[in-house]
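Undergrad: Quick one: sequence and predicted model below, then my questions.
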Amino acid sequence: MGNPKRKFSKSRRDKRAAHWKLDSPMFQECPHCHAPKMPHRVCPNCGKYKDRQVVQYE
């Protein structure tokens with residue numbers, strides 16, 4: 001098994017994790033009620049998905 005020949009500096013070690021940041025979630029406007037919703041999901045406000053009523057809210 002290969003072993004490192006010398007110690008990695010903290011700077012070099014921390015550069016690996018520089019791109020681990022989270023992206024903010026994407027939102028779209030519902031074409032029916034114009035509320036923000038996530039793409040490819042049922043609208044939590046009106047319950048429609050692709051021009052069909054999927055969930056009935058009372």
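TA: Cool, the structure landed.

Undergrad: what's the helix or strand for the residue nearest the centre of the chain?
TA: Against the mean C-alpha coordinate of the chain, by Cα atoms, centre = their mean, the closest residue is P25 at 4.1 Å. For P25, there is no host helix or strand (DSSP states H and E).

Undergrad: give me every residue that touches it.
TA: Shown in contact with P25 (Cβ atoms under 8 Å, 6 or more residues apart in numbering): M38. Heads up, the C-betas are built off the backbone N, CA and C, glycines and all.

Undergrad: now with 10 Å?
TA: Going by Cβ atoms under 10 Å, 6 or more residues apart in numbering, P25 touches M38, P39.

Undergrad: and it, how far is that from F8?
TA: As judged by Cβ to Cβ, to the nearest Å, P25 and F8 stand 34 Å apart.

Undergrad: Likewise for Y49?
TA: Per Cβ to Cβ, Y49 is found 49 Å from F8.

Undergrad: more crowded one of the two?
TA: Y49 (16 against 11; other Cβ atoms under 10 Å).

Undergrad: What backbone torsions are found at that one?
TA: Main-chain dihedrals, Y49, degrees, to the nearest 10: phi -140, psi 120.

Undergrad: And it, what's its pLDDT?
TA: pLDDT for Y49: 94.

Undergrad: if I pick it, what's in contact with it?
TA: C30, H32, K37, H40, R41, V42, C43, V55.

Undergrad: can you put these in TSV and add distance to N3?
TA: Shown next, in TSV, are the contacts of Y49 (distance: Cβ to Cβ, whole Å):
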residue	distance to N3
C30	57
H32	62
K37	52
H40	47
R41	49
V42	54
C43	56
V55	58
